[in-house]
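> what's the 3D shape of this:
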Amino acid sequence: MRTNKVISNYDKLTDDELAMLASGVEDALTGNASFPEPNPTLPEFTTAATDYRAKLAVASRKGSALEVSLKNEARKVLLNLLRRLAFYVNEIGQGNAPVLYSSGMRLNSQPREMLVPGVPDGVKLRDGRQSGQIRLDFNPLKEAWEYEYAISSELDENKDPIWGNPLNTTSSRANILAPVTPGVLYRIRVRARNGRGLGDWSEAVTLIAR
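Got it, this is the predicted structure:
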């Protein structure tokens, strides 16, 4: 499990989102016994946040190129202070989520546990470019490392498909199955694999080879 930490890089926040975050951090750190000596100091951070909000308000009202430039510079200053503050918060917080949350800053996201992949859908068969070929396509799964597909051209005495050995592919598109016998009905099914194992087979789809 990844150690809890507050995020230090807020470059991707919009101007308004950054202003809201800064206000929340100011409120959260004021009188917060968990962070008695923030670095930067709370007055230093508040001054930068107030300056940024003021310049953002001016620039948002169809500000001139100069006013927008001043806002951008104030944004850089505030982002730099947030980086310094995040380092301090993480040093004090030592991975304690409630303490870290109390800073008003955002925590990093924990990686999701890997699960067995789901069932591929959108499985489609079509004629290949040449006679004796079938093209296989299906929708990719984000959690899949690779896929297996199995082919059947015969039924047993119970009318169930007789599946051949699975074949591997890392692509969900333009898989060419060859050679196939023209005029024969083929059934194909697909399943996905990742580090946790194999998922379930898809429903079989059919095509008469040409």
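> contacts, neighbours, all on C-alpha from now
OK.
> How far off centre is the lengthiest strand in the chain?
Residue-count comparison of every strand in the chain, with assignments taken from DSSP state E, identifies strand 185-194 as the longest. Offset of strand 185-194 from its chain centre (C-alpha atoms, centre = their mean, to the nearest Å): 26 Å.
> For it, which outside residues touch it?
Outside of strand 185-194, the residues within contact range by C-alpha atoms under 8 Å, 6 or more residues apart in numbering are 116-120, 123, 141, 143-153, 161, 198-209.
> So what are the sheet partners of it and their directions?
Take DSSP bridges as the rule and strand 185-194 pairs in its sheet with strand 146-152 (antiparallel), strand 197-198 (antiparallel), strand 205-208 (antiparallel).
> now the shortest one: mean pLDDT?
Spelled out, it's strand 197-198. Per-residue confidence for strand 197-198 averages out to 90 on the pLDDT scale.
> In TSV, list the strands paired with strand 185-194 along with distance to residue 2 and mean neighbour count.
What follows is the strands paired with strand 185-194, written out as TSV (distance: least, C-alpha to C-alpha, whole Å; neighbours: other C-alpha atoms under 10 Å):
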stretch	distance to residue 2	mean neighbour count
strand 146-152	26	19
strand 197-198	23	15
strand 205-208	42	17
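> for this protein, what spans make up the strands?
Counting by DSSP E, the chain has these strands, from start to end: 124-127, 134-137, 146-152, 167-169, 175-177, 185-194, 197-198, 205-208.
> my guess is residue 166 contacts residue 149, does it?
Yes: at 5.4 Å, residue 166 and residue 149 qualify as touching, with contact defined as C-alpha atoms under 8 Å.
> Can you pull out the low-pLDDT segments for the protein?
Along the chain, the model assigns pLDDT under 70 to residues 1, 110-114.
> Scan it for its longest helix.
For the chain, the longest helix by residue count, based on DSSP state H, is helix 65-93.
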